[in-house]
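K.L.:
Structure, please.
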Amino acid sequence: MTTGSMTVRVLLADEHALFREAVKIILDSQPDLQVVAEVRNGLEAVAEARQTRPHVAVLSADISSLDVGETTRMIKESLPGCGVLIVAARENLATLVASFEGGANGYLTQDDGLDQLVHATRAVTRGETLVPARMLGPLLTRLIQRRRDEDEAISKLSKLTRREREVLALVVEGADNLRIARVLTISPETARTHVQNILGKLHLHSRLEAAAFASRNGTANRLVTPSLF
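P.N.:
Below you'll find the predicted structure:
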C-alpha cells in the first residue's frame, strides 16, 4: 500500500490519555495522517479497528485486557491490510517476538521520538517492516527456534494413535479419567492407560506437562477433537 494523496487513517491504543493526546496532535498535524480512533486497551482496539477500519493501528506494548500479541492477531484477522505498529517503553525481546508472531509490522520504543513515529506510521502503511537493527538478529533467532520447537512437537504428536490424540485433546481441556471415559465411551481404566501411553510416547511425566506440550506452539489444533454425540 502506498500513501500517495491518500489520507492514512490511524488508530491509537494506549492507557495513558496524555500520551494518546500528544501522539494525536503530532499525527494530525501531518497532511497525510489522521487519527480516527483513540482507545485505552486491547479489547477496545479490536472493536474500534473493526468499526473505523484504520490503515494503521499504533499499539502500546503495555496494552491491557488483551496482550499486545493477541490484540495484533485479532486486528489482523479482521483487517488483514491494516498495518500494526508497536510502541514499547523500552526494548524487550519477548514483547517483540509476541508482536511479530501476532502479525505486527513495526516496533519502536519511546526513546525513538515522535518524528520517528511519524516516519514509521507512513512506512508501515507502505508495507514496510520496521525492527530496531540491534534486535533483528535476536528476533530471527527466537522465531527460528520457535519453528524448530513446533516441528519437533508435531513430530512427537504424529507418534500418537488417533484415540490417543482424542484423549490428549480432552486432557488439554482439563478432563480427568472419568470425563474422558464418558466422552469416549471407554472404561476409566482404559482412559488411564491411554494417558500413560501418551506420557510415555511424549517423554513427559504428568498430565499438566502433556496439556502444556499440546498447547505450546499451536500444536493443540492438530489433535483430534472427539465428538460428544
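K.L.:
three-state assignment of Arg9?
P.N.:
Applying DSSP: H, G, I helix; E, B strand; the rest coil to Arg9 yields a three-state assignment of strand.
K.L.:
now it: how far from Ala57?
P.N.:
Per CB to CB, to the nearest Å, Arg9 is found 10 Å from Ala57. Quick note: C-beta positions are derived from backbone N, CA and C, even for glycine.
K.L.:
Please apply the same query to Ala211.
P.N.:
33 Å.
K.L.:
Give me the more crowded residue out of those two.
P.N.:
Taking other CB atoms under 10 Å, Ala211 and Ala57 do not tie; Ala57 has more neighbours (30 against 20).
K.L.:
For that one, give me phi and psi.
P.N.:
phi -110, psi 120 (degrees, to the nearest 10).
K.L.:
can you pull up the bridge partners for it?
P.N.:
In this entry, Ala57 is beta-bridged to Leu11, Val84, by DSSP bridges.
K.L.:
Hmm, Val87 and it touching each other?
P.N.:
No. Applying CB atoms under 8 Å as the test, Ala57 and Val87 come out as separate, 10.8 Å apart.
K.L.:
what about the strands in this protein?
P.N.:
8-13, 33-39, 56-60, 83-88, 106-109 (DSSP state E).
K.L.:
among the ones you listed, which is nearest Ala123?
P.N.:
strand 106-109 (6.9 Å; CB to CB).
K.L.:
Now do that closest one, average pLDDT.
P.N.:
In this model, strand 106-109 carries a mean pLDDT of 93.
K.L.:
could you dump the strands of the chain to JSON lines with distance to Thr71?
P.N.:
What follows is the strands of the chain, written out as JSON lines (distance: least, CB to CB, whole Å):
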{"stretch": "strand 8-13", "distance to Thr71": "7"}
{"stretch": "strand 33-39", "distance to Thr71": "10"}
{"stretch": "strand 56-60", "distance to Thr71": "6"}
{"stretch": "strand 83-88", "distance to Thr71": "8"}
{"stretch": "strand 106-109", "distance to Thr71": "14"}
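K.L.:
Pull the contacting residues for the spatially closest residue to Gly174 that is not a sequence neighbour.
P.N.:
Excluding the flanking residues, the one nearest Gly174 by CB to CB, 6 or more residues apart in numbering is Ala211, at 7.5 Å. Ala211 sits next to 171-172, 174 when contact means CB atoms under 8 Å, 6 or more residues apart in numbering.
K.L.:
so where's the chain uncertain?
P.N.:
Within the chain, the ranges that satisfy pLDDT under 70 run 1-5, 217-229.
K.L.:
let's go with 90 and repeat that
P.N.:
By pLDDT under 90, the weakly predicted segments of the chain are 1-6, 19, 62-67, 89-94, 97-98, 101, 110-114, 131-159, 172-173, 211-229.
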